[in-house]
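Undergrad: coordinates only, no sequence provided:
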């Protein structure tokens, strides 16, 4: 292994340190501040470790964890695009693809190519591993919202129907069990909002 190989790896690791500065809309559960994308990725990896038994099909949890650790690295270049912002469409996908090629391209050949393909697999969400990873990527912010009195849903005027549409299909494809549990929490949240009851969960 040449010194240049290690230099490339260290340069990549320095580059992705910027993910700690990408602030998401989702708050921490204690309400003290917004989470950043690096924290989100770490939390999702732990979700995969703990909730792997609920995947809809057989998965390789180590691959799911790898996907979740790298899935938002493109945000170093493009920032976070919240699920409730619409209208970006194909242009956002193109920006993210360019970011992925640039950032993973900083790594030595085979290593960079492997992570780029893993990132693309997550984006396509066709394999069992990617479907479960995508499901968890919806479950985590959903749980944040129901535990912070609406969180980004309240900030963006999101309705029950929109939550079911934006979260339900993706979560249920990867884990019907997790969607069933989330659906109960979502309905409880919106019921409490409609009656004016403050949810202290």
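TA: Cool, got the structure. All values reported here derive from a predicted model rather than from experimental measurement. Numbers count the residues shown, from 1 in each chain.
Undergrad: in a helix, residue 24, correct?
TA: No: using DSSP: H, G, I helix; E, B strand; the rest coil, the assignment for residue 24 is strand, not a helix.
Undergrad: for the closest residue to it other than its chain neighbours, grab the count of nearby residues.
TA: Leaving aside its sequence neighbours, residue 24 sits nearest to residue 80 (Cβ to Cβ, 6 or more residues apart in numbering; 4.9 Å). C-beta here means a position set from N, CA and C on the backbone, and glycine is covered the same way. By other Cβ atoms under 10 Å, 18 other residues sit near residue 80.
Undergrad: pLDDT below threshold where in this structure?
TA: Counting by pLDDT under 70, the chain has low-confidence residues at 1, 3, 85-90, 196-201.
Undergrad: tell me which stretches of it form helices.
TA: 3-15, 37-51, 61-70, 75-78, 89-104, 109-124, 128-146, 151-156, 160-174, 176-194 (DSSP state H).
Undergrad: report the separation between the spatially most central residue of the chain and residue 6.
TA: Of all residues in the chain, the one closest to the mean position by Cα atoms, centre = their mean is residue 137, 3.5 Å from it. Computed as Cβ to Cβ, to the nearest Å, the residue 137 to residue 6 distance reads 31 Å.
Undergrad: cool, and residue 84?
TA: Distance of residue 84 to residue 6, given as Cβ to Cβ: 42 Å.
Undergrad: neighbour count winner among these two?
TA: Between residue 84 and residue 6, residue 84 has the larger neighbour count (other Cβ under 10 Å), namely 16 against 11.
Undergrad: now residue 129: closest residue in space that isn't a chain neighbour?
TA: residue 63 (4.7 Å).
Undergrad: where does residue 79 fall, phi/psi-wise?
TA: Main-chain torsions, residue 79, degrees, to the nearest 10: phi 80, psi 180.
Undergrad: got a list of what the residue nearest to it when sequence neighbours are not counted touches?
TA: Leaving out its chain neighbours, the residue that sits closest to residue 79 by Cβ to Cβ, 6+ apart is residue 22, at 6.0 Å. Applying Cβ atoms under 8 Å, 6 or more residues apart in numbering to residue 22 gives the contacts 36-38, 72, 75-76, 79-80.
Undergrad: same question, residue 158
TA: Residues in contact with residue 158 (Cβ under 8 Å, 6+ apart) are 84, 152, 166.
Undergrad: list the contacts for residue 52?
TA: Applying Cβ under 8 Å, 6+ apart to residue 52 gives the contacts 59, 61, 64, 132.
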